[in-house]
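Colleague: when you get a sec, could you give me coordinates for this:
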Amino acid sequence: PCSLTDGGSCATSPNYPNNYGDNEECTISGVPPVGLEVIGFDVEAYGCSWDYLTVNGIKYCGTSGPSGAVAEDGVIEWRSDGSVVESGWKICWATRPPSPPPAPPPPPSPPSPPPLPPVFPGFDVTAESEAQLRSLITE
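Modeller: Now for the predicted structure:
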């Protein structure tokens, strides 16, 4: 009786954030291969012999959850024994890959050349092409 929450991107121990029960077992399958984020984790400690969460064959108990672990086989398992209960756990995973890094800024454009001095001081000459400029000068 573990629960999927947050649209299927998180899982909790039964009754979380209240205490889980005795003699509980559950398997969560289909966990994507991304780093797990521990939202809350408080499970009976004592060497992970009694109550524990298993990811990749590693047992987690006490207050140290599987933060950053990747469920390589897509499975998280939970087990509690017949006594001593705590508030349990909530673990989330990303449902989509992270966004790509932002694109680097474009290189700076080269500086504009300084304006040319007028051909004849006091006169402004504008032409569309070299040929038109020549015809303006010879007129």
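Colleague: when you work out contacts or count neighbours from here on, use the C-alpha atoms and nothing else.
Modeller: OK.
Colleague: against residue 129, how distant is residue 92?
Modeller: For residue 92, the distance to residue 129 equals 67 Å [Cα to Cα, to the nearest Å].
Colleague: looking at these two, which is more packed in?
Modeller: residue 92 (22 against 8; other Cα atoms under 10 Å).
Colleague: show me what contacts residue 23?
Modeller: By Cα atoms under 8 Å, 6 or more residues apart in numbering, the contact list for residue 23 reads 79-82.
Colleague: my error: substitute residue 12 in the last question.
Modeller: 2-5, 88-91.
Colleague: any idea what it is bridged to?
Modeller: Judged by DSSP bridges, the bridge partners of residue 12 are residue 3, residue 90.
Colleague: if I look at it, how far off is residue 135?
Modeller: Counting by Cα to Cα, the gap from residue 12 to residue 135 is 85 Å.
Colleague: re the thing from before, of the contacts of residue 12, keep whichever come out buried.
Modeller: Neighbour counting over the contacts of residue 12 (16 or more other Cα atoms under 10 Å) leaves 2-4, 88-91 as the buried ones.
Colleague: how about the residues you listed in a markdown table, adding pLDDT?
Modeller: Converted to a markdown table, these look like this (pLDDT from 0 to 100):
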| residue | pLDDT |
| --- | --- |
| 2 | 88 |
| 3 | 89 |
| 4 | 91 |
| 88 | 93 |
| 89 | 94 |
| 90 | 96 |
| 91 | 96 |
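Colleague: among these, which two are most distant?
Modeller: 4 and 88 (14.1 Å; Cα to Cα).
Colleague: re the thing from before, for the buried ones among the contacts of residue 12, which one is nearest residue 56?
Modeller: residue 91 (14.9 Å).
Colleague: tell me which element the nearest residue to that closest one once chain neighbours are set aside falls in.
Modeller: Nearest residue to residue 91, sequence neighbours excluded (Cα to Cα, 6 or more residues apart in numbering): residue 38, at 4.6 Å. Following DSSP states H and E, one finds residue 38 within strand 37-42.
Colleague: and the helix or strand following that strand, how far out from the chain's middle?
Modeller: As assigned by DSSP H and E, the chain's next helix or strand after strand 37-42 is strand 52-55. Chain-centre distance of strand 52-55: 23 Å, with Cα atoms, centre = their mean, to the nearest Å.
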